[in-house]
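A.B. asks: A structural model of the following input is requested.
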Amino acid sequence: MKQDKLEKYIDEHRAEFDTEQVPVMLWDKINNDLDESKSRNRTLLRMMSVAAVGLVLLCMGLLVGIQLGASNPMDSSPALREFAKAESYYANQYNVKWSEFQAIEPEASTVADDLQQLDAVYAELKNELQKNPDLNTDKVIDALLENYTTKIEILETVLEKTKSKNLSNLKLNGDEFENI
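C.D. replies: Coordinates of the predicted model:
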């Protein structure tokens with residue numbers, strides 16, 4: 001490569017350039033400026049950390065306050081607490097009967113359709129109860145529980161008929177085998 005005249009001159013006279021020393025006071029001033037800058041940055045960082053922690057605590061306090069302030073109206077009265085227990089019991093009974101029914105009759109779309117209609121009525125009643133917990137609570141609770149008992153009775157009736165039908169089919173099939 002072709003070397004520039006300036007580069008050639010610098011290379012030849014490097015030793016002459018390296019003889020100059022930076023004054024000690026200049027280095028001290030640079031170090032002091034750097035230390036002040038680091039100190040300011042640390043102070044700013046510390047202040048921002050404290051502000052962030054305060055903001056997080058404030059937000060958490062607001063969320064807890066909102067949760068406590070917006071308590072579920074279903075928890076407010078003894079009647080509603082009793083309803084929650086009864087609802088849990090009936091839901092369990094219904095689920096047991098439904099599982100038993102599906103084991104016997106997996107393709108029961110008409111029964112499922114009827115039960116879905118009752119579920120829609122139940123959801124509407126429960127929504128009304130949650131919106132207006134003071135509006136004739138006892139009647140609404142009675143209607144909700146009656147809805148569950150109706151669904152359970154329907155399933156029990158259908159289960160009995162399905163079991164008896166299956167039993168009679170087995171007997172008929174058993175008689176056919178005996179005649180063979």
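A.B. asks: tell me the SS of the residue nearest to the spatial centre of the chain?
C.D. replies: For the chain, the residue sitting closest to the mean C-alpha position, by C-alpha atoms, centre = their mean, is Q67 at 15.1 Å. Judged by DSSP: H, G, I helix; E, B strand; the rest coil, the three-state class of Q67 is helix.
A.B. asks: list the buried ones in stretch 92-106?
C.D. replies: Within stretch 92-106, the residues that qualify as buried are 93-94, 97-98, 101, 105, counting by 16 or more other C-beta atoms under 10 Å. For every residue, glycine as well, the C-beta is placed using N, CA and C.
A.B. asks: got those residues as CSV, with secondary structure columns?
C.D. replies: Formatted as CSV, the buried residues of stretch 92-106 follow (three-state DSSP):
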residue, secondary structure
Q93, helix
Y94, helix
K97, helix
W98, helix
F101, helix
E105, coil
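A.B. asks: Quick check: the two most widely separated of those?
C.D. replies: Farthest apart among the buried residues of stretch 92-106 by C-beta to C-beta are Q93 and E105. That separation is 18.5 Å.
A.B. asks: Next one: the residue nearest to the centre of the chain, what pLDDT does it get?
C.D. replies: Here the pLDDT value assigned to Q67 is 73.
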